[in-house]
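J.: Sequence and predicted structure are below.
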Amino acid sequence: MYPPTRKDFVSLTVSERDTRSYNNGKQWRRQSCWRKWKQLSRLQRCVILFLLALLLFCGIVAYPSLAGHWRGLSDRVMNDWDKGHDHDPKPIVPAVILESQNQNGPALPPPPPQKKAFPKRGPPALQNRLQKKGNVSDSQVEESQVAVKSGEAEEGGKPLVSWRGAMIEADQAPEPQPSVQEKEPEGEKGDVEPAEPRDRAPLQPDSDSVKRLEAVREAFRHAWKGYKEFAWGHDELKPVSKSYSEWFGLGLTLIDSLDTMWIMDLKEEFEEARAWVATQLTFNKNVDVNLFESTIRILGGLLSTYHLTGDALFLDKAKDIGSRLMPAFNTPSKIPYSDVNIGKGTAHPPRWTSDSTVAEVTSIQLEFRELSRLTQEPRYRDAADTVIKLVRTLEGKQDGLVPMFINTNSGQFTHLGVYTLGARADSYYEYLLKQWIQGGKKENALLEDYLQAMEGVKKNLLRKSSPRGLTFVGELSHGHFSPKMDHLVCFLPGTLALGAHNGLPAEHMELAKQLMETCYQMYAQMETGLSPEIVHFNMQGGEARDVEVKLADRHNLLRPETVESLFYLYRFTRDRKYRDWGWEIFQNFNKYTRVPSGGYTSISNVRDPDYPSPRDKMESFFLGETLKYLYLLFWDDPKLLGLDQFVFNTEAHPLPIWPPAQ
């Protein structure tokens, strides 16, 4: 028999004087609620308070996203209603809001000491240009930013678009006012000029070219502003969240951008970056870096900047990182590991495999060969050349096309039967040609491998799309053709054109023009005018467009390959349509990826102009490659980094073509 239930409380019955009315007075509610609250145990009260605090915190965090989402949803509903009641439907206009972001970023490093005049070193054509050309004034840039903030943008300016709380400029004034350039007096020659590209006369800059040049320089300044305020000294800017991400912890964006700033004559920005390299950059860190990425971005960037400026600081840093990368080659096969700890001097393959990708191990040669030439230490070139010689002898190729993976222990190709010019194989073909050019066109084995591979591309990978008949490069997997083409493949038109310029068959130039049209259409057939990462081409009749994009492939990472090829095609043909295509692409970058507080962001959906979904990341190659190639595309003098004097590595860092005596 159970004992009677113990009561730990006193029950009270309160009678009201007027039972016909419901007493909802504040005093009564306070007394009743307080009594019930006191009846709870201490644990129960703590749990309730914790849950309330958690709900409050979640509400604060989620409010911007939910507000943006419902704002966009309401706009879509209203526009859908308008479409249903209007025989002439109008385009959806995204929600417009004014910029109200806090411009106070983290503390910046102290400004560098009073700068000296630039040393008169580097390519003579570049020196003369720098003497004649000045910066866009800071006041012009600041005035334009103030106009946007105040909503008083002039004709051509656009409002801001809100994407779930992220502030992105809907359109940037496409043509900032150019700075006035002084003409060089007749008879004043300065240094000895390099020879003109054959059969080419320099063009006089027209007003459109000058405006476009200044627009690209302003875009670089805007991107650099975001990096300086929110990511200074770190690897990559996250422009939407105004923060940064680390990959190697070596100031990747800063080093990748050095030669771009020099080429654009951005003196203040360059001197600030140089001061950081001199005082803050150290490679004595216990950190794993990727051999390929650190070679093309860091080693290549330092070597290029040394050649353009003549500043020994950059050569010393290049020697340091180059020597620290050498342990990667200590493998049984001499095929390098993918990762190196530059502090410990150890190397290893990825955690999940003992393979390296073919593109990574065969796209470091330009940089290591040049480092050997400058330092007179053959070990760098010997290690890199050994890889190319080994790959040349391996079985598993098909008509000069190579598989994507190679084992660091056996030195043999793996995953046989899959051939692509996209990720994991692309720059192998690029570096075959460029090594041949770098060495003065003497290494015939490299040329033979390149020509054989291009024949293999034409035989196995080229097809035509429907309905426009675009020529594209697909993939081959165990004898099965796939109409899949990475945006990375758009390096190929420029590489083919470069080969034709250096005496290879004229049909290479014709193929380059056809593929250039295809790469442009990968942009033009998207609703944002920006290319996705991967496309699939239609090969059957009856389709409306040539290009289809899977949901997972719709992102755009601000990649440079198409504008790179546009630069080469314009340099060699002088056809203005290539400039116009580049300008169109640049304007769409400004429209859909520019972040008002500074920087540009990759986006997740190029098929949705109303909500492209910013990914909050600006890769270092946007400053190191994309904007650099756009600037060179609009520069009229072909002597600026002439392609008979320089060869660009796969990260757009120009390295000199060796003199005939070497």
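T.: On my side now, so go ahead.
J.: okay, and the helix or strand of the protein with the least pLDDT?
T.: strand 96-97 (a mean of 28; mean pLDDT, DSSP states H and E).
J.: quick one: the helices in the stretch 351-500 of the chain?
T.: Remark: helices assigned in the stretch 351-500 of the chain by DSSP state H, counting those that start in this stretch are 358-361, 365-375, 379-393, 426-438, 444-460, 492-501.
J.: mind listing what the residue lying closest to Glu543 once chain neighbours are set aside touches?
T.: In space, and not counting its chain neighbours, Glu543 is closest to Ser466: 5.7 Å by CB to CB, 6 or more residues apart in numbering. Where you see a C-beta, it was placed from the backbone N, CA and C, and this is true even at glycine. By CB atoms under 8 Å, 6 or more residues apart in numbering, the residues touching Ser466 are 538-543, 546.
J.: Go again with 6 Å.
T.: 538-539, 541, 543 (CB atoms under 6 Å, 6 or more residues apart in numbering).
J.: just the buried members of the residues you listed?
T.: Asn538 (16 or more other CB atoms under 10 Å).
J.: As CSV, the contacts of Ser466 with secondary structure and distance to Thr601 would be great.
T.: Shown next, in CSV, are these (DSSP: H, G, I helix; E, B strand; the rest coil; distance: CB to CB, whole Å):
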residue, secondary structure, distance to Thr601
Asn538, coil, 30
Met539, coil, 34
Gly541, coil, 39
Glu543, coil, 32
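J.: Could I get the buried residue list for stretch 564-573?
T.: For stretch 564-573, by 16+ other CB under 10 Å, it's 564-572.
J.: before we move on, back to that, closest to Lys319 out of the helices of the stretch 351-500 of the chain?
T.: For these, the distance to Lys319 is smallest for helix 365-375, at 6.0 Å, taking CB to CB.
J.: Dump the particular helix or strand that has Glu218 in it to PDB, keeping only the CA atoms.
T.: Following DSSP states H and E, one finds Glu218 within helix 207-230. This file holds the C-alpha atoms of helix 207-230, laid out as PDB (Å, rounded to 0.1, in the frame of the first residue of the first chain):
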ATOM      1  CA  SER A 207      39.500  56.700 -75.800                       C
ATOM      2  CA  ASP A 208      37.600  53.400 -75.200                       C
ATOM      3  CA  SER A 209      40.900  51.600 -74.500                       C
ATOM      4  CA  VAL A 210      42.000  54.200 -72.000                       C
ATOM      5  CA  LYS A 211      38.600  54.100 -70.200                       C
ATOM      6  CA  ARG A 212      38.600  50.400 -70.100                       C
ATOM      7  CA  LEU A 213      42.200  50.300 -68.700                       C
ATOM      8  CA  GLU A 214      41.200  52.700 -66.000                       C
ATOM      9  CA  ALA A 215      38.100  50.700 -65.200                       C
ATOM     10  CA  VAL A 216      40.300  47.600 -64.700                       C
ATOM     11  CA  ARG A 217      42.800  49.500 -62.500                       C
ATOM     12  CA  GLU A 218      39.900  50.800 -60.400                       C
ATOM     13  CA  ALA A 219      38.600  47.200 -60.000                       C
ATOM     14  CA  PHE A 220      42.000  46.100 -58.800                       C
ATOM     15  CA  ARG A 221      42.100  49.000 -56.300                       C
ATOM     16  CA  HIS A 222      38.600  48.000 -55.100                       C
ATOM     17  CA  ALA A 223      39.600  44.400 -54.600                       C
ATOM     18  CA  TRP A 224      42.900  45.500 -52.900                       C
ATOM     19  CA  LYS A 225      41.000  47.800 -50.600                       C
ATOM     20  CA  GLY A 226      39.000  44.800 -49.300                       C
ATOM     21  CA  TYR A 227      42.100  42.700 -48.900                       C
ATOM     22  CA  LYS A 228      44.000  45.400 -47.100                       C
ATOM     23  CA  GLU A 229      41.200  46.200 -44.700                       C
ATOM     24  CA  PHE A 230      39.900  42.700 -43.900                       C
END
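J.: quick one: buried residues of that helix?
T.: Neighbour-count burial for helix 207-230 [16+ other CB under 10 Å]: 209-230.
J.: what's the answer for stretch 632-649, then?
T.: In stretch 632-649, counting by 16+ other CB under 10 Å, buried: 632-635, 637-644, 646-649.
J.: same thing with stretch 347-356?
T.: 347-349, 354-356.
J.: Dump the residues you listed to CSV, plus pLDDT and distance to Met618.
T.: What follows is the buried residues of stretch 347-356, written out as CSV (pLDDT from 0 to 100; distance: CB to CB, whole Å):
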residue, pLDDT, distance to Met618
Ala347, 97, 29
His348, 96, 29
Pro349, 95, 29
Ser354, 92, 33
Asp355, 96, 30
Ser356, 97, 28
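J.: mind listing which of those residues are in strands?
T.: Among the buried residues of stretch 347-356, the members found in strands (DSSP state E) are 347-348, 355-356.
J.: Which two of those have the greatest separation?
T.: Spanning the widest gap among these are Ala347 and Asp355, at 14.4 Å by CB to CB.
J.: what are the ranges of the helices in the stretch 501-650 of the chain?
T.: 506-524, 561-573, 576-593, 620-621, 627-634.
J.: and the nearest residue to Phe314 once chain neighbours are set aside, backbone torsions?
T.: In this structure, Phe314 finds its nearest non-sequential neighbour in Tyr306, 4.0 Å apart by CB to CB, 6+ apart. Tyr306 adopts backbone torsions of phi -60, psi -40, taken as degrees, to the nearest 10.
J.: same check, this time on Gly598
T.: Per-residue torsions, Gly598: phi 130, psi 130 (degrees, to the nearest 10).
J.: Please name the nearest non-neighbouring residue to it.
T.: Nearest to Gly598 is Gly226, by CB to CB, 6+ apart, at 2.5 Å.
J.: Against Thr495, how distant is that neighbour?
T.: 32 Å (CB to CB, to the nearest Å).
J.: coming back round to it: and the angle from the helix holding Glu218 to helix 576-593?
T.: Angle of helix 207-230 versus helix 576-593, following axes from the mean of the first three to the mean of the last three CA atoms, to 10 degrees, is 30 degrees.
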